[in-house]
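> Take this sequence and fold it.
(2 chains)
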Protein chains: 2
Amino acid sequence: MNFDTILGSVDLLEYLRGKQATFLLAGSVSKTSEISNILQSENSTNSNLTPTLNAEFLCLKELKSLENITKTSKNILKPVLITRAVHELKPFSNIEILDLGLELKPKINYFKVHSFDIKPSARIDDGAKINAMEIFQKGVEFGTNYESKDDYIILSESAIGSEITAVATAKALGYKCDDFLSNCVKDVSRDIKNSTIETALNRIQLDDDVFTKLSNVSDNTLIFNAGFILGSTSKNLKVMLAGSIQMATVLLIVNSILESMQGAVDSSNIALCTSKNKNNKNIKRLLDQLNFPINAYSSSFDSNELEDSVGYGAALCYASINGVNKKELVSKIDSLLEE
Amino acid sequence: MNFDTILGSVDLLEYLRGKQATFLLAGSVSKTSEISNILQSENSTNSNLTPTLNAEFLCLKELKSLENITKTSKNILKPVLITRAVHELKPFSNIEILDLGLELKPKINYFKVHSFDIKPSARIDDGAKINAMEIFQKGVEFGTNYESKDDYIILSESAIGSEITAVATAKALGYKCDDFLSNCVKDVSRDIKNSTIETALNRIQLDDDVFTKLSNVSDNTLIFNAGFILGSTSKNLKVMLAGSIQMATVLLIVNSILESMQGAVDSSNIALCTSKNKNNKNIKRLLDQLNFPINAYSSSFDSNELEDSVGYGAALCYASINGVNKKELVSKIDSLLEE
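Residues are numbered from 1 along each chain as shown, chains lettered A, B, ... in the order given. Model (predicted):
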């Protein structure tokens, strides 16, 4: 088990070796996922439940909100299997859930589930109808006030439809972001995704301000997490942004907001951590567009190009800086797949 | 390494995954153990030292209070070997000893040994001669004032004779508790145990109050721990009650005391954790008689029906939520057995 440096230097991740981590899972639903055939999975009927199920499985290894588990739903849950496997071998000290607009509250006791009175966002081809300023401020406030006993935070996401909203957001904010969806060769829904993004982008004006753009084409998790990052820097919280295009987009949002208010950020405590993926050269290209330096790492564990979500890429990075044995991990993932 | 849910849901134990634990070992002697042939072991001459030796071995891997270790005394110490093995692989943050009436103070430096000025209790067939109210109040006070840096407490026991006093206590308080001793098929002393319990029960009246009953047929550890539990709930301390029939009886005592004073308890932070054992269906039957809900878990680690004491069942549950590898654990136990 090891990791690679996409951007920056090894120092930050090495510093976190052996330290205690709190794992935050931010979940939300964008109704963009309800656009016909837009998701890869054959069965998208239950897809709006995915963030809820991911939260339950991560915490409890149970899917309380789903009675019949089909093969397809198991497939949706592959990323969380990896995160859970890591948690079983080298437990996070603490897991908390952020409800940023879930359809169904996860059925979990004891674990903190933070509620922010946020509703699922609408389809971006029809305007996401988000109060972006309000969501952002909730993120800032949470990040500013968040207290942790641990040495760092892993901030992950399970936001259904967020691959699409992330690309739309990056483009709306004027960043070059062309090669993301095209990389999923197996994705029969790619054309639908691209046309959805195009429709969404047609609804906004180049000179709209950042928050107007976000209100139309983004999703709750992206916007909230950008606020969280800005809030967290005020208290020197070390944060691993756990994800791929979504977390890169969070940083782009931070960048655009800072630009618009001519602000600056000390980004030295922030790292993006993701899975091993061919797309990572595109992640680097996105991050190169930031006005501030950033550390970014990817796990060297081969996860067969499985899209990074539920922070599994960061969980693998965490495993690699905590002495988890690769063979044991593979066998743990296999045993979870079989159960 | 995994655990099973006997009662309640997985949530509490999953919540404790990866969190820091203080291990408390409560030890006492009931002279019931001196009744001729009542204990399984051939050599019961030293049996009153068992709680002292368990404390020493758990903390130090040394038996300072015993010079010659016979095969039999090694056998008595099997449970603590498992607890110690877990402690070596994934150390408890803190171990403290509660002297609730030991014959000999354990020879341990640095570790906290709490003294409560409590003497060994007498044979229950002759009246245990305990000031139950006083012992209970000492438990309440300790539980109320106990400060821990850790996320939860594992409260274990090594109380010589406590299997017998537990059954006598449960029966005296009016609970159905018939199948416990009969399950030890190898136990040649079963008849003596049963007749001892019968004699003890004959000494009390049905309408005696709870504390009068406890004073006659119980032991210090059972009574103190019931107080501890009630005290601990006042500060939301999360407590793993580590044991089988003994810890179930602690909860029955709590139940009877609450009933007698028409009180209630928030039991959501308490879990009973024990070893894998055929008797666990009887544990469930005992716990089903409580007026409050309770979480109960057993380790799935096969320990060959070895009676749960020194909290080894809970230690195995702790191992399973802290990424301890089964193979490593087996080899650690083996190496401790050989030493």
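> what's around whichever residue of chain A sits closest to chain B, how many residues?
Closest contact between chain A and chain B, by C-beta to the nearest C-beta, is at residue A:91 (2.6 Å). Every C-beta, even on glycine, is put in place using the N, C-alpha and C of the backbone. Residues within reach of residue A:91, counting by other C-beta atoms under 10 Å in any protein chain shown, total 20.
> these two touch, right, it and residue B:323?
Yes. Here residue A:91 reaches residue B:323: they are 6.1 Å apart, a contact under C-beta atoms under 8 Å.
> On the three-state scheme, the residue of chain A closest to chain B is what?
Three-state secondary structure (criterion: DSSP: H, G, I helix; E, B strand; the rest coil) places residue A:91 in coil.
> Now for it: which residues touch it?
B:17, B:18, B:19, B:321, B:322, B:323 (C-beta atoms under 8 Å, 6 or more residues apart in numbering or on different chains).
> now stretch A:231-242: mean pLDDT?
For stretch A:231-242, the mean per-residue pLDDT is 94.
> Excluding sequence neighbours, find me the nearest residue to residue A:99.
Take residue A:99 and drop its neighbours on the chain: the residue closest to it by C-beta to C-beta, 6 or more residues apart in numbering or on different chains is residue A:115, 5.0 Å away.
> Isn't that neighbour up against residue A:100?
No. Using C-beta under 8 Å, residue A:115 is not in contact with residue A:100; the gap is 9.4 Å.
> Compare the two (neighbour count), which wins?
Between residue A:115 and residue A:100, counting by other C-beta under 10 Å, residue A:100 is the more crowded of the two (29 against 11).
> Distance check, the more buried one against residue A:21.
21 Å (C-beta to C-beta, to the nearest Å).
> now do residue A:151
On the measure of C-beta to C-beta, residue A:151 and residue A:21 end up 7 Å apart.
> The two: which is more packed in?
residue A:21 (26 against 15).
> Could you list which of the contacts of residue A:91 also contact chain A?
Filtering these for neighbours of chain A using C-beta under 8 Å from any C-beta of the partner chain leaves B:17, B:18, B:19, B:321, B:322, B:323.
> Identify the farthest-apart pair in these.
Greatest spatial distance among these (C-beta to C-beta): B:19 and B:323, at 12.5 Å.
> re the thing from before, list just the nearest of the contacts of residue A:91 to residue A:271.
Out of the contacts of residue A:91, the member with the shortest distance to residue A:271 (by C-beta to C-beta) is residue B:18, at 21.2 Å.
> The closest one is in contact with residue B:320, isn't it?
No. With contact defined as C-beta under 8 Å, residue B:18 does not reach residue B:320; the gap is 11.7 Å.
> quick one, strands of chain A?
A:3-7, A:21-29, A:94-99, A:112-115, A:152-160, A:239-242, A:270-274, A:295-299 (DSSP state E).
> tell me what the fourth one is packed against?
Counting contacts by 3 or more C-beta pairs under 8 Å, 6 or more residues apart in numbering or on different chains; DSSP states H and E, the secondary-structure elements packed against strand A:112-115 are strand A:94-99.
> could you dump the strand it packs on to PDB, C-alpha only?
Extracted in PDB, the C-alpha atoms of strand A:94-99 (Å, rounded to 0.1, in the frame of the first residue of the first chain):
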ATOM      1  CA  ASN A  94     -15.000   8.900  14.500                       C
ATOM      2  CA  ILE A  95     -17.500   9.000  11.700                       C
ATOM      3  CA  GLU A  96     -20.100  11.700  11.200                       C
ATOM      4  CA  ILE A  97     -22.700  12.300   8.500                       C
ATOM      5  CA  LEU A  98     -23.700  15.600   7.000                       C
ATOM      6  CA  ASP A  99     -27.200  15.700   5.700                       C
END
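> That strand pairs with which strands, parallel or anti?
Using DSSP bridges, strand A:94-99 pairs in its sheet with strand A:21-29 (parallel), strand A:112-115 (parallel).
> Let's have those strands in TSV, adding mean pLDDT.
Listed next are those as TSV, based on pLDDT from 0 to 100:
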stretch	mean pLDDT
strand A:21-29	98
strand A:112-115	98
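> Which one, of those strands, ends up nearest to residue B:189?
Among the strands paired with strand A:94-99, the nearest to residue B:189 by C-beta to C-beta is strand A:112-115 (49.8 Å).
> Give the buried residues for the closest one.
Buried residues in strand A:112-115, counted by 16 or more other C-beta atoms under 10 Å in any protein chain shown: residue A:113.
> And the contacts of that strand?
A:55, A:96, A:97, A:98, A:99, A:105, A:106, A:142.
> give me the low-pLDDT residue ranges for the stretch 151-300 of chain A?
Applying pLDDT under 70 to the stretch 151-300 of chain A flags residues A:182-188.
> Just the pLDDT for residue A:37.
For residue A:37, pLDDT reads 78.
> show me the contacts for residue A:257.
A:136, A:210, A:226, A:230, A:263.
> The same query, at a cut-off of 6 Å, please.
residue A:210 (C-beta atoms under 6 Å, 6 or more residues apart in numbering or on different chains).
> cool, and residue A:108?
By C-beta under 6 Å, 6+ apart, the neighbours of residue A:108 are residue A:59.
> number of nearby residues for residue A:142?
Neighbour count of residue A:142, defined by other C-beta under 10 Å: 20.
> nearest spatial neighbour of it, skipping sequence neighbours?
residue A:228 (5.9 Å).
> So which residues on the stretch 51-200 of chain A come close to chain B?
Residues of the stretch 51-200 of chain A lying close to chain B by C-beta under 6 Å from any C-beta of the partner chain are A:59, A:60, A:89, A:90, A:91, A:92, A:93, A:109, A:110, A:111.
> who's the residue positioned nearest the centre of chain A bridged to?
Nearest to the mean C-alpha position of chain A, by C-alpha atoms, centre = their mean, lies residue A:157 at 3.3 Å. Residue A:157 has the following beta-bridge partners by DSSP bridges: residue A:26.
> hang on, residue A:17 packs against residue A:320?
No. The criterion here is C-beta atoms under 6 Å, and residue A:17 misses it with residue A:320 at 8.9 Å.
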